[in-house]
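**Q** I need the structure of the sequence given here:
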Amino acid sequence: HQEEVRETEQRRIAGEIHDELGSALTRLGMDIDWLLRSPGKDDPPLEPRLAALRNQVGTLHGTVRRISHAMRPAVLDQFGLLPALEWLARQITHQSDLAVRITQDSQELILDDQRKTALFRIAQEALTNGVRHAQARHVVLALRLEEEAITLGIRDDGRGIALDPAGSGGGDGFGVWGMKERALRFGGRVELDSIPEQGTWVTAWLPRLPTDRVEER
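**A** Here you go, the predicted structure:
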């Protein structure tokens, strides 16, 4: 329940950032464009200063969009889990040297909002760990609808992590336990396996519901 409340609040805040602050920046940019086109600019230093201000507005707009998407990617609500994972893969690849490949047979997996969000956050945490801690270069993310469960597998080629007897990463226990707790809320589980200098495998299972299905994209 607390996780659902947090996600709802993040969705609301992301919408406000995008709609209110984003709209204000758009109007400001339009005003600056009007000033740049208006006649009577006799002071030469005015135009370069306004142009620099216009560039700052564009940078701010990009920052707002990035924060909004990080808090709650609009693609997750509008298009579903697979497009959201593809968006996440592009973001990770763009921001780091980690190349992410997704396998899911070009089908969209239709899930309820809570489990869809849980799987997205698990993937997000695993990919973030791959960038920050594992020093991986490649990751394969596999999403499957099986007979009794939805499975999400993330495999990287990094340096591996030390696992304690409970199966959590000794150097990043909080992130691992966060993934485990997200799955546990739905009666699922997350398992880790790792081999030094060969990589880490994260596998999440969530029980399948009668309403779960796949659709051709």
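
**Q** packing partners for the helix ranked longest in the chain?
**A** Using DSSP state H to define each element, the chain has its longest helix at helix 46-71. Applying 3 or more C-beta pairs under 8 Å, 6 or more residues apart in numbering; DSSP states H and E, we find helix 46-71 packed against helix 2-16, helix 22-37. C-beta: built from backbone N, CA, C; applies to glycine.

**Q** and those: which comes nearest Gly130?
**A** Nearest of those to Gly130, taken as C-beta to C-beta: helix 2-16 at 23.0 Å.

**Q** what sits against the residue nearest the centre of the chain?
**A** With distances taken as C-alpha atoms, centre = their mean, Leu88 lies nearest the centre of the chain, 4.4 Å away. Leu88 makes contacts with 73, 100, 120, 123-124, 127, as judged by C-beta atoms under 8 Å, 6 or more residues apart in numbering.

**Q** mind putting those into JSON lines with distance to Glu215, secondary structure and neighbour count?
**A** Output for the contacts of Leu88, formatted as JSON lines (distance: C-beta to C-beta, whole Å; DSSP: H, G, I helix; E, B strand; the rest coil; neighbours: other C-beta atoms under 10 Å):
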{"residue": "Pro73", "distance to Glu215": "20", "secondary structure": "coil", "neighbour count": "20"}
{"residue": "Val100", "distance to Glu215": "23", "secondary structure": "strand", "neighbour count": "24"}
{"residue": "Phe120", "distance to Glu215": "18", "secondary structure": "helix", "neighbour count": "21"}
{"residue": "Ala123", "distance to Glu215": "20", "secondary structure": "helix", "neighbour count": "27"}
{"residue": "Gln124", "distance to Glu215": "23", "secondary structure": "helix", "neighbour count": "18"}
{"residue": "Leu127", "distance to Glu215": "25", "secondary structure": "helix", "neighbour count": "26"}
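
**Q** would you point out the most distant pair within those?
**A** Within the contacts of Leu88, two members stand farthest from each other by C-beta to C-beta: Pro73 and Val100, at 15.0 Å.

**Q** and stretch 74-93, average pLDDT?
**A** Averaging pLDDT along stretch 74-93 yields 88.

**Q** er, stretch 10-25 actually
**A** Per-residue pLDDT over stretch 10-25 has a mean of 75.

**Q** who's in contact with it?
**A** 57, 60-61, 64-65, 67-69, 71-72, 74, 77.

**Q** if any of the residues you listed are buried, put those into a PyMOL selection.
**A** Burial among these is assessed by 16 or more other C-beta atoms under 10 Å; the matching PyMOL selection reads:
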select buried, resi 57+60+61+64+68+69+71+72+74
